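Participant: Pasted the sequence and its predicted model underneath.
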Amino acid sequence: MTNRSNPFASELEDLRSRTAYLAFGAFILFFLLLARLWYLQVLKGHEFRVLSENNRTRVQDILPSRGLILDRQDHILVDNHPTYDLSIIREDVSDFDVLRVRLADLLKLPQDEIETAFEKARQQPGFKPALIKTDLTWPELVQLETHRFELPGIVIQVKPGRKYLHESMAAHVIGYLGEINQEQLKLERYGNNRIGDIIGQSGLEKEWEPSLQGKRGWQLLEVDAVGRVRGVTRRRAPEPGFNLHLTLDTSLQQAAEEALAGKAGALVALDPRNGQILAMASNPSFSQEEFVRGISPEKWRSLLQDPLHPLENRAISGQYMPGSTFKIVSALAALEEGLITPHTTVTCTGGYPFGNRVFHCWKEQGHGSVNLHRALVESCDVFFYNIASQLDIDRLAYYSQMLGLGQLTGLGLKNEKPGLVPSEEWKKRRFNSPWHRGETLSVIIGQGFNLVTPLQMANLVAAMVNGGALYRPYLVRKITDADNRIIKVFNPEPI
């Protein structure tokens with residue numbers, strides 16, 4: 001009997017082999033799937049969980065209230081009030097062209113103006129609000145809220161805005177606000193600021209920016225797929241800025257500005273006992289509210305191009321010949337040098353011959369016999385011409401500098417000018433020529449090369465009437481927090 005092989009044996013063996021390969025392949029795929037799940041859920045689980053949270057949450061800044069500015073009686077000069085700003089979140093905008101057209105129509109704005117704001121928005125991360133328009137009016141706010149669902153990506157933020165309670169009063173002292181620029185963002189001083197922040201750009205608003213600005217807060221918002229806020233999950237409250245209590249007296253400041261109405265000039269009132277500035281007015285002036293609302297390019301150009309320079313604080317940056325007020329310095333120098341006494345008399349005939357010319361007194365017929373007191377009261381030029389014939393210009397410069405001329409007062413406001421006290425060395429350096437004694441005759445009556453600021457002269461006169469103490473002028477008496485707790489008190493500083 002012969003053994004015949006099973007005709008199905010080879011096929012069965014082949015099937016077993018294939019099944020084994022399939023089982024092995026299925027095992028490999030299952031292993032890879034498990035590995036992938038382990039990678040996603042264990043290794044990368046936290047990262048994807050954060051991404052998931054970010055898809056439904058958004059961090060929003062809460063800007064602090066800026067510190068108040070008050071006068072010496074603690075009457076509020078600068079306050080805050082809520083303002084509404086329009087921003088967009090770029091990643092929520094489905095069609096920029098449609099949004100630009102709709103916003104231009106609703107807000108009655110030129111499309112190129114909105115396009116400029118959009119360009120700035122494109123420079124920011126897509127999830128951050130980018131400012132489009134500040135200080136929305138009530139009708140604009142109503143229009144935007146009415147058509148909210150047609151404007152995906154827009155955000156209306158409530159922010160504290162600045163309110164200057166006395167239009168233009170002490171504008172040069174208090175200063176104004178403006179949007180931070182790229183150059184300022186690079187400075188360490190503005191390390192906590194961001195694009196779109198409104199900061200002090202001049203005056204006390206700028207010099208005390210770190211104290212006034214406060215600390216920003218934040219809140220974690222829960223939003224839906226189209227960016228609508230559904231709730232607040234976490235929040236950190238902002239800290240308001242510190243308050244500045246000034247030395248200014250509101251009634252004196254108003255009187256000073258009324259006295260300058262229609263004139264170009266400056267007026268300073270000091271308390272001679274301590275250097276506190278009671279009033280500092282400069283005219284022409286400007287409106288701080290125009291900067292708060294967002295000054296137009298045309299208005300900004302007109303301010304810069306105005307020949308009377310309304311943005312300039314003439315009290316500290318205007319440099320003028322002191323005229324006969326300088327005779328106080330000349331008299332003091334002559335007394336200290338022993339060239340005259342209070343009883344020295346000079347006969348004024350109306351002129352003082354020097355070299356081949358005559359230096360005239362303002363009073364053509366002369367003052368007759370005058371002593372120091374009468375020479376000062378009646379401003380006799382000839383009396384001081386006689387002093388100039390004996391007083392070296394460098395000694396006059398020495399006493400001028402002792403009284404604070406030719407140098408900054410240290411007030412702390414930007415753009416303060418030092419004025420000019422001429423000397424032999426100064427003329428040699430400036431003109432490469434020697435000093436001539438005839439030039440001293442002009443300087444000694446406050447003419448010639450002399451230059452002073454109104455603040456310098458006010459401080460000089462204060463030192464005369466208080467017995468000789470020259471104080472550093474100052475504008476801020478104290479700093480307090482939002483609960484009126486004293487942070488710092490500033491005391492008089494003799495210099």
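Facilitator: Thanks, I have the structure now. Residues are numbered from 1 along each chain as shown.
Participant: which intervals of the stretch 101-250 of the chain have sub-threshold pLDDT?
Facilitator: Scanning the stretch 101-250 of the chain with the threshold set as pLDDT under 70 gives 124-127, 223-229.
Participant: what about the strands in it?
Facilitator: 129-133, 154-164, 177-179, 198-200, 217-223, 229-236, 243-246 (DSSP state E, counting those that start in this stretch).
Participant: Nearest approach to K414 belongs to which of the ones you listed?
Facilitator: strand 198-200 (10.6 Å; C-beta to C-beta). For the C-beta atoms, the positions are set from N, CA and C on the backbone; glycine is no exception.
Participant: what packs against the closest one?
Facilitator: Counting by 3 or more C-beta pairs under 8 Å, 6 or more residues apart in numbering; DSSP states H and E, the packing neighbours recorded for strand 198-200 are strand 177-179, helix 203-207, helix 209-212.
Participant: before we move on, the earlier item: L405: which of the strands of the stretch 101-250 of the chain is closest?
Facilitator: Taking the strands of the stretch 101-250 of the chain one by one with C-beta to C-beta, strand 243-246 is closest: 25.8 Å.
Participant: circling back: so which of the strands of the stretch 101-250 of the chain is the most surrounded?
Facilitator: Per-stretch averages of neighbours, counted by mean count of other C-beta atoms under 10 Å, single out strand 243-246 among the strands of the stretch 101-250 of the chain, with a mean of 23.
Participant: Export only the CA atoms of the very next helix or strand once past that one, formatted as PDB.
Facilitator: With elements assigned by DSSP states H and E, the helix or strand that comes after strand 243-246 is helix 250-259. Taking Å, rounded to 0.1, in the frame of the first residue of the first chain, the C-alpha atoms of helix 250-259 are listed here in PDB:
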ATOM      1  CA  THR A 250      -4.700 126.700  41.600                       C
ATOM      2  CA  SER A 251      -5.900 130.300  42.200                       C
ATOM      3  CA  LEU A 252      -2.400 131.700  41.700                       C
ATOM      4  CA  GLN A 253      -1.900 129.600  38.600                       C
ATOM      5  CA  GLN A 254      -5.200 130.800  37.100                       C
ATOM      6  CA  ALA A 255      -4.300 134.400  37.900                       C
ATOM      7  CA  ALA A 256      -0.900 134.000  36.300                       C
ATOM      8  CA  GLU A 257      -2.400 132.600  33.100                       C
ATOM      9  CA  GLU A 258      -5.000 135.300  33.000                       C
ATOM     10  CA  ALA A 259      -2.200 137.900  33.300                       C
END
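Participant: For stretch 341-351, give me every contacting residue.
Facilitator: Under the criterion C-beta atoms under 8 Å, 6 or more residues apart in numbering, residues 335, 358-361, 363-373, 375, 380-383, 386 lie in contact with stretch 341-351.
Participant: make it 10 Å
Facilitator: 331, 334-335, 340, 352, 357-375, 378, 380-387 (C-beta atoms under 10 Å, 6 or more residues apart in numbering).
Participant: filter the residues you listed to the buried ones?
Facilitator: 331, 334-335, 340, 352, 359, 361, 366-367, 370-372, 374-375, 380-387 (16 or more other C-beta atoms under 10 Å).
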